[in-house]
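Engineer: Next input, structure requested:
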Amino acid sequence: MTEILRKKLSDSKAARWTVLIVIAFTMFCAYFLNDVMAPLMEKLGEEFGWNSQDFGTFNFSYGWINVCLFMLIFGGMILDKIGVRLTGIGSCIFMIIGAAIQYYSVGEFVVFEGTIFGLKMQLFVACIGFAIFAFGLEMAGITVTKTIVRWFKGYEIALAMGLQVAIARMGMGLAYLITLPLANRLGLSTPILVGLLALCIGLIAYLAFCVMDKKLDASMEGEEVSDEDKFKFSDILYIVKNKGFWLITLLCLLFYSAVFPFMKFAVSFMKNKYHIDDDFAGIIPFMLPVGAIFLTPLFGGIYDKKGKGATIMILGAVLLIGVHFLFSIPMLDHWLIAAILMIILGIAFSLVPSAMWPSVPKIIPENKLGTAYGLIFWVQNIGLSGVPLLIGNILSKYVIGHTDKGAEIYNYTVPMIVFTCFGVLSLIVALLLKREDKKKGYGLEQPNVKR
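Structural biologist: You can find the predicted model right below:
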């Protein structure tokens, strides 16, 4: 009877894909909020006097809790201990609290005065909110990734991860598309409020998933978990001694350091270099996540059926280098060139994650995955928080003028060269990972679907 019930759950296509849609919707809402401030860089300067360093500091706060307090590492251990349901609910609550503080910080009827720790009080409050939100978001990312492994292992795991990423990226793309028009017409804080309300709906969706996941546990009742399958804190040594794990982790750090921090400045970049006005400046950055919607599942499906995971990651790194190098050339300043390059960047952005995340379970056993993903996300967050701070500081040295409303105008040549360097380093690590796979036989070049 237990086996029959099980086939109606994790072995059932309908159940698996329903779970994926539900948890992906929650991540869609979360990613909208994560990027909702990115298109507002110049408006924050006009309304609150933020400069590039302030904007970099705000984005650096993404790592205050995740990196500086090591909470992602502890969070991964907690996930392996208490499971995906409680961890996911807690993550959603943290995101809602953080987003609410962020909304309050840029509210039209709130006046902040003075400084704290050398930061404007209003900026400090915004940073606190973003730090809390970021902790919830990264914990949700780890939880959703392990959930997909739990429900799809032995099936279309790369395709499922690709689709989840694609749906989440739709939220990211929507933020770039509508934030500036909404802020210009209804006030700077309006897009954040929209995201906050959507995230509350996302929490409800996750609660619905919890019901299904509990049924999965019930269908597996009676199956004993051996002592060696249970997570132990000593298992951390197994993870940190694994060379393949560290190569995947470094690739994640370097590749995402060249993409997500770039996207934080992408709208400003389009306005400063390509002279695109507010209503259209978000359209070109919007092309990146839109491309990922279709391509990430496609490449994930190829990995599932044909393999070649390490090769896919190498190709993505090569495209990344080419795009950022061409972005750095000053005379290539026509908007059509920017659009073409953003589409190619979207292809690179689809190639690497579609192969990278499904490769981790080939290197690390499932009972250690929460901790492993926690460590990866912790290292990744060093880049996600530190690189925007670096770029903000670089831009402060390349101010070439001011808008009519007082916002600074920047030359982005040097920042794009920095992003190109991250791409070169990611290619080197991807090549080393392919060599390590040949030596250790992880199976990164082998299909995921068991025949």
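Engineer: Low-confidence ranges, the stretch 201-350 of the chain, go.
Structural biologist: Applying pLDDT under 70 to the stretch 201-350 of the chain flags the ranges 220-234.
Engineer: What ranges does it have for its helices?
Structural biologist: 235-240, 243-257, 260-264, 266-274, 278-281, 283-306, 309-327, 335-363 (DSSP state H, counting those that start in this stretch).
Engineer: which of the ones you listed is buried the deepest?
Structural biologist: Comparing the helices of the stretch 201-350 of the chain by mean neighbour count (mean count of other C-beta atoms under 10 Å), helix 260-264 comes out on top with a mean of 25. Backbone N, C-alpha and C define where each C-beta goes, glycine included.
Engineer: Check the offset of that one from the chain's centre.
Structural biologist: 10 Å (C-alpha atoms, centre = their mean, to the nearest Å).
Engineer: same check, this time on stretch 154-173
Structural biologist: 12 Å.
Engineer: And for stretch 93-101, what's in contact with it?
Structural biologist: When contacts are defined by C-beta atoms under 8 Å, 6 or more residues apart in numbering, stretch 93-101 is touched by residues 30, 33, 125-126, 128-137, 139-140, 192, 195-196, 199-200, 203.
Engineer: Need the mean per-residue confidence for it.
Structural biologist: Mean pLDDT, computed over stretch 93-101, is 97.
Engineer: Buried subset of the contacts of stretch 93-101, written for PyMOL?
Structural biologist: Restricted to buried positions by 16 or more other C-beta atoms under 10 Å, the PyMOL selection for the contacts of stretch 93-101 reads:
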select buried, resi 30+33+125+126+128+129+130+131+132+133+134+135+136+137+139+140+192+195+196+199+203
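Engineer: and the contacts of stretch 93-101, which of them are in helices?
Structural biologist: Applying DSSP state H to those, the entries found in helices are 30, 33, 125-126, 128-137, 139-140, 192, 195-196, 199-200, 203.
Engineer: Got phi/psi on Leu119?
Structural biologist: When read as degrees, to the nearest 10, the backbone of Leu119 gives phi -110, psi 150.
Engineer: What pLDDT is listed against it?
Structural biologist: According to the prediction, Leu119 has pLDDT 91.
Engineer: ditto for the one 5 residues further on
Structural biologist: According to the predicted model, the pLDDT of Phe124 comes to 95.
Engineer: Quick one: residues contacting the closest residue to Leu319 other than its chain neighbours.
Structural biologist: Leaving aside its sequence neighbours, Leu319 sits nearest to Ala348 (C-beta to C-beta, 6 or more residues apart in numbering; 3.7 Å). With contact set as C-beta under 8 Å, 6+ apart, Ala348 has these partners: Val259, Gly316, Ala317, Leu319, Leu320, Val323.
Engineer: Surely the fourth one is in contact with Gly346?
Structural biologist: No - when contacts are counted by C-beta atoms under 8 Å, Leu319 is not listed as touching Gly346 (9.6 Å).
Engineer: Leu86 and Cys92: what is the separation?
Structural biologist: Distance, Leu86 to Cys92, by C-beta to C-beta, to the nearest Å: 11 Å.
Engineer: Could you check which of the two is surrounded by more residues?
Structural biologist: Using other C-beta atoms under 10 Å, the more surrounded residue of Leu86 and Cys92 is Cys92, with 26 against 14.
Engineer: can you map out the strands along the stretch 351-451 of the chain?
Structural biologist: 399-402, 408-410 (DSSP state E, counting those that start in this stretch).
Engineer: And these: which comes nearest Leu251?
Structural biologist: In terms of C-beta to C-beta, the element of the strands of the stretch 351-451 of the chain nearest to Leu251 is strand 408-410, at 29.4 Å.
Engineer: What residues of that closest one count as buried?
Structural biologist: Glu408, Tyr410.
Engineer: same question, stretch 68-82
Structural biologist: Those would be Met71, Leu72, Ile73, Gly75, Gly76, Met77, Ile78, Leu79, Asp80, for stretch 68-82 by 16+ other C-beta under 10 Å.
Engineer: now the residue nearest to the first one when sequence neighbours are not counted: how far from Ala140?
Structural biologist: Meaning Met71. Distance criterion C-beta to C-beta, 6+ apart; nearest residue to Met71, sequence neighbours excluded, is Ile65 at 5.1 Å. Per C-beta to C-beta, Ile65 is found 14 Å from Ala140.
Engineer: Check Phe117 too.
Structural biologist: Counting by C-beta to C-beta, the gap from Phe117 to Ala140 is 28 Å.
Engineer: picking that back up, can you redo the contacts of Ala348 as a markdown table with distance to Thr18?
Structural biologist: Formatted as a markdown table, those follow (distance: C-beta to C-beta, whole Å):
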| residue | distance to Thr18 |
| --- | --- |
| Val259 | 30 |
| Gly316 | 30 |
| Ala317 | 35 |
| Leu319 | 34 |
| Leu320 | 34 |
| Val323 | 36 |
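Engineer: From those, pick the one nearest Pro39.
Structural biologist: Using C-beta to C-beta, those come closest to Pro39 at Val259, 16.4 Å.
Engineer: Just to check, the closest one is in contact with Leu345?
Structural biologist: Yes - in this structure, Val259 is within contact of Leu345 by C-beta under 8 Å, at 7.4 Å.
Engineer: So for the two, which residues contact both of them?
Structural biologist: Any residue near both Val259 and Leu345 by C-beta under 8 Å, 6+ apart counts here, and that gives Leu320.
Engineer: Can you list the buried residues in stretch 426-434?
Structural biologist: Ser426, Leu427, Val429, Ala430, Leu432, Leu433, Lys434.
Engineer: Many thanks, I have nothing further to ask.
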